[in-house]
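**Q** Need the 3D shape of this:
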Amino acid sequence: MMLCEECPQNPACQNCVHALRAGVVEKVIPARKVRVKLSSGQTVVAEMRAISRTAVGLYCADHTLADSVEVELASDFRILGSAFQGIRDVHYYVVDITKVFRRDEVLQRLLMEEFLQWHHSGENLPNEWLTELKDVEDERHRLIREELQKLSILRQVQSIYLYVMENGVIRPIGAKRTEEPLEGDLERVAWEAVKKGASVREQLISGDGSKMYELYASPLPDQTCGLALIDVTEAIAEERARQRKEWELYKQVLMAVTQDKLVLLTDAEMVELATSGQKVATLKIRSAGELSGLRSVCKQFLSDLGIVERRSLQFLVAVNEAATNTIKHGAGGTVTIHISPEEKVLRVIVHDQGQGILLEELPRATLRHGYSSKHSLGAGFHVMLQFSDRLCIGTSTTGNKFVLETAII
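**A** As a prediction, this is how the structure comes out:
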C-alpha cells in the first residue's frame, strides 16, 4: 500500500488514515507542518497527515522516526509518543500517543479529543482576521499573528476563548466568547502581563463555582495583549476521577497482599476513623527528647487495658517509629490516642507535616523491607506494619497520617 501521489490534498485517499489502525481517524487537510524531536535530541520537520484520539500520522521524507518522539504542534502544545513505520517502503510514520503536554504541565491519560478536531474550527483563523489590518507586516501585527496562530491550534482543547486587548479594550477573536462575566479579570491579567513584559497564567473560577478556567496572557508591543481562556472543568473532573480510580486500585492491592492489614484512607475516611472511639490523650512531638514521654503515656494505657507485656513492647516500637518519622521527614507532628471499647481497639494517630508519600512508591515503601527513598519512610514503615494489628495511611501534600491499631481485651 502506497500513499497516493496527491496525498494529503486528496480526501478520497484513505491510506494514511487506515495506517493508524485506530478508532475514529481524521485526515488533516491541508497537512500541517510540525516539529519532531527525536530520541537522539535532533529536531526535524514533518507533516501531520492523519489524527485520532490515540495516534497521529506523520510524513517525514528526510529522517526516520522511531522509538520515543516528541511532536510540537505549537510552542506550548506537544505530544509524546512511540513512532514506527506505518506503511512499508514509505516515509509515513504512526506515533502512538502516551502523553499530552501543555505549557510545562503534563496532562496524563486525559481524553485525546482535546486535539482530535483542532483543525476543524469554523471560526476565522488569525491570518484571516489580520487581513483586515492595513499593514500586516509591522512588528506589532506580526507578533499578534504569531500568538494567535499558536493559540488557534488549541481552539478545541475543551472550550477555548481567544481575546486581544487593544487600547485597553478587551474583544474576542472570532465568534466564541465565554458566557461568564470574566472580562474584568481578563483586563486585569492582561495589564499585569503588559506591565511585567512577560506571559502571565492564572486560574479563574466562575461565579457559581461550577467551572474552572486557565487564563494565559501574552504581552505584545504598544500596550496590547493576546489572551486565551480555556475551560478546564471537564479535564480536571476527568483527572480527579482517574486519581480516585488509581487510589482505589492501590488500596485493594495493598489490602490483598497484606491480608487487610494495610489500608489506604481518603481524607473523609480518616476523619471518620479519628472521630470514632474516645480520645484520651494528645501529644506534640517536635524533637527526639519528647519521644520518651510519648512512650510512657502509651505504655500506661496499654498496661491499664491489660495488653500483655510482649505485645505492648512491640506496639510501643511501632508507635515510636511513626513518631520518629515525624521528625525525620518533617517539622514534627501530633500524636493522639483513642480507645474504642465497642471495636475493642486502641488507636494511635500520628500526623506529620512532611511532603507526603508518592502513591506509586507505596507498594515498595510498605512491602519491601529496607526500601528507602526521598519521599518514603524507609525500614521504619516495615516495623510499623509488622508490630501493629492494622496500619491505616492517609497521605497528601499537607503531610501523612498513620493510624496504628492494636486489639484490646
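
**Q** those helices in the stretch 1-150 of the chain, which residues are they?
**A** If DSSP state H, counting those that start in this stretch is used as the criterion, the helices of the stretch 1-150 of the chain fall at 15-18, 113-116, 126-130, 139-152.

**Q** So which elements touch the helix or strand containing residue 161?
**A** Secondary-structure element containing residue 161, defined by DSSP states H and E: strand 159-166. On a contact count with 3 or more C-beta pairs under 8 Å, 6 or more residues apart in numbering; DSSP states H and E, strand 159-166 meets helix 139-152, strand 169-172, helix 183-196, strand 224-231. In short, each C-beta sits where N, CA and C put it, glycine included.

**Q** Return the list of strands paired to that strand, each annotated with direction.
**A** strand 169-172 (antiparallel), strand 224-231 (antiparallel) (DSSP bridges).

**Q** now the strands for the stretch 251-400 of the chain?
**A** Along the stretch 251-400 of the chain, counting by DSSP state E, counting those that start in this stretch, strands occupy 262-264, 278-285, 333-340, 345-352, 390-396, 399-407.

**Q** In CSV: these, plus mean neighbour count, distance to residue 42 and mean pLDDT.
**A** Listed next are those as CSV, based on neighbours: other C-beta atoms under 10 Å; distance: least, C-beta to C-beta, whole Å; pLDDT from 0 to 100:
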stretch, mean neighbour count, distance to residue 42, mean pLDDT
strand 262-264, 21, 44, 87
strand 278-285, 14, 54, 91
strand 333-340, 20, 50, 91
strand 345-352, 23, 46, 91
strand 390-396, 20, 41, 85
strand 399-407, 22, 44, 88
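
**Q** Can you tell me how far the closest residue in space to residue 385 that isn't next to it in sequence is from residue 317?
**A** Spatial nearest neighbour of residue 385, chain neighbours left out: residue 391 (5.1 Å); criterion: C-beta to C-beta, 6 or more residues apart in numbering. Per C-beta to C-beta, to the nearest Å, residue 391 is found 13 Å from residue 317.

**Q** residue ranges with poor pLDDT in the stretch 1-150 of the chain?
**A** Per-residue confidence of the stretch 1-150 of the chain (counting by pLDDT under 70) places the weak regions at 1-9, 22-24, 74-76, 101-150.

**Q** residue ranges of the strands in it, please?
**A** Under the criterion DSSP E, counting those that start in this stretch, the stretch 1-150 of the chain contains strands at 25-37, 43-52, 55-59, 67-74, 77-85, 92-102, 105-107.

**Q** Of all those strands, which one is nearest residue 382?
**A** strand 105-107 (32.1 Å; C-beta to C-beta).

**Q** mean pLDDT for the helices and strands packed on strand 159-166: which is lowest?
**A** For the helices and strands packed on strand 159-166, the weakest mean pLDDT is recorded on helix 139-152, namely a mean of 54.

**Q** Which parts of the chain belong to which domain?
**A** Domain ranges of the chain: 15-112, 126-231, 244-407, per automatic domain parsing.

**Q** Would you mind telling me which of these is nearest residue 238?
**A** The nearest among the domains of the chain, by C-beta to C-beta, is domain 15-112 at 5.6 Å.

**Q** Near the residue lying closest to residue 85 once chain neighbours are set aside, how many other residues are there?
**A** Sequence neighbours aside, residue 93 is the residue nearest to residue 85 in space, at 5.8 Å (criterion: C-beta to C-beta, 6+ apart). For residue 93, the neighbour count with other C-beta atoms under 10 Å is 24.

**Q** what about residue 93, distance to residue 234?
**A** Taken as C-beta to C-beta, the span from residue 93 to residue 234 is 31 Å.

**Q** do residue 311 as well
**A** Distance from residue 311 to residue 234, by C-beta to C-beta: 52 Å.

**Q** can you check residue 168 too?
**A** Applying C-beta to C-beta, the value for residue 168 to residue 234 is 33 Å.

**Q** between these two, which one's more packed in?
**A** residue 234 (16 against 11).

**Q** In three-state terms, how would that one be classified?
**A** helix (DSSP: H, G, I helix; E, B strand; the rest coil).

**Q** mind showing which ranges of the stretch 201-350 of the chain have poor pLDDT?
**A** Using pLDDT under 70, the flagged stretches of the stretch 201-350 of the chain are 330.

**Q** Which parts of it are helices?
**A** Going by DSSP H, counting those that start in this stretch, the stretch 201-350 of the chain shows helices at 233-257, 267-274, 291-304, 309-328.

**Q** tell me what the second one is packed against?
**A** Going back to what we said before, that points to helix 267-274. strand 390-396, strand 399-407.

**Q** elements contacting the first one?
**A** Using 3+ C-beta pairs under 8 Å, 6+ apart as the contact test, the elements touching strand 390-396 are strand 262-264, helix 267-274, strand 399-407.
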